[in-house]
Structures are given as structure tokens and as C-alpha cells.
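Participant: only the shape, not the letters, is given here:
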Ligand SMILES: CC(C)(COP(=O)(O)OP(=O)(O)OC[C@H]1O[C@@H](n2cnc3c(N)ncnc32)[C@H](O)[C@@H]1OP(=O)(O)O)[C@@H](O)C(=O)NCCC(=O)NCCS
């Protein structure tokens, strides 16, 4: 897991929120609990223009796909000396520059409203 993190996500440094553990009690699954927790983290990342990263289990993969994360790599983990292994999935969602993008959209919208206001004022006078 450490190797996988280094290989795929270390490059983002501090500019990421990395989901370490996520487990819903079996009696409460498929009721949206994990979605709500993930959305909290995604919103935290989005506000800062960070990456949201996770090393998913086969069970978690469906959840993160449902949330719109994309797959950036697959690795197999196995106990030393054993043939059987489990695939783990490197998944991420990018919010880089979203804050900047939002700023420019707001700026354009303000400039647009100002131009319309000036046009209207000139038209009336
Ligand atoms: C993965 C896990 C955390 C999901 O928790 P949850 O609270 O049941 O998830 P949600 O109710 O928010 O699921 C949202 C969506 O994710 C997908 N999903 C969740 N669990 C799924 C499963 N077992 N199989 C297929 N899709 C699944 C579905 O699209 C689901 O939407 P739907 O119920 O409307 O079909 C839970 O199954 C669990 O604790 N598993 C064992 C631990 C584990 O593998 N954790 C992930 C580590 S990365």
C-alpha cells in the first residue's frame, strides 16, 4: 500500500486529501453513509483546489466510480510467498484550479453584468 501511494499519489504532496479507511457497518450498507462521508472529503478538497485520492478495495471501487472518481492504476497485493492476491485500485478526482476557475467565471459574470448595465444606461439616455 505504501509503495502504491508513493507511486501514484506522493506527487501531489500536501495538496491532496487521501482517504485512508472507510467502512460502513454491514447492517447499514447501501443507505448512503459512505457517500456522505466521501462527499464531505470531496467538498473539503474542492474548496482548496486539491486532489482527492484513495486506494480502493474491490468493494470500494464501485462506490468511488459511483462518485465519479477515475482509475489511475491497478496493483496486486499478496502475502509474501503466496500465489493468491487481491487487486487494489488507485483512484482520484481532481479539483486543481477549480478555485481559480470559479474566480474567473465570477469575474466574467460581473463584467458581463456591468457591460449590460452600461449599455442599458446609454440606451435610456
Ligand atoms: C464500500 C462501503 C464502504 C460502501 O458503504 P455504503 O455506506 O454501503 O455505501 P453507499 O450506500 O454510500 O453506496 C453508494 C453507491 O456506491 C455503490 N456501492 C456501494 N457498495 C457497493 C457494493 N457492495 N457493490 C456494488 N456497488 C456498491 C452503489 O452504486 C451505491 O449506490 P446504490 O446503493 O444506490 O446502488 C461498504 O460496503 C464497506 O464498508 N465495505 C467493506 C470495507 C471496504 O471495502 N471499504 C472500502 C475501502 S477503500
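Facilitator: Perfect, thanks for sending it. Given the structure is predicted, the values throughout are model-derived calculations rather than measurements.
Participant: where does this protein have low pLDDT?
Facilitator: Applying pLDDT under 70 to the chain flags residues 97-102.
Participant: next to the ligand, which bits of it? Give me the list.
Facilitator: 22-24, 29-35, 54, 56-57, 59-60, 62-63, 66 (Cβ under 6 Å from any ligand atom). Placement of C-beta: from N, CA and C, glycine included.
Participant: show me what counts as buried in the lengthiest helix in the chain.
Facilitator: Counting residues, the longest helix found in the chain (DSSP state H) is helix 98-124. The neighbour-count check on helix 98-124 (16 or more other Cβ atoms under 10 Å) flags nothing as buried.
Participant: what residues go with each domain of the protein?
Facilitator: What automatic domain parsing lists as the domains of the chain is 2-94, 97-125.
Participant: and the ones you listed, which is most packed in?
Facilitator: Of all those, domain 2-94 has the most neighbours on average by mean count of other Cβ atoms under 10 Å, namely a mean of 14.
Participant: between the two ends of that one, how far is it?
Facilitator: This stretch, domain 2-94, spans 21 Å end to end (Cα to Cα, to the nearest Å).
Participant: quick revisit: what helices or strands is the longest helix of the chain leaning on?
Facilitator: If you count contacts as 3 or more Cβ pairs under 8 Å, 6 or more residues apart in numbering; DSSP states H and E, helix 98-124 packs onto helix 33-48.
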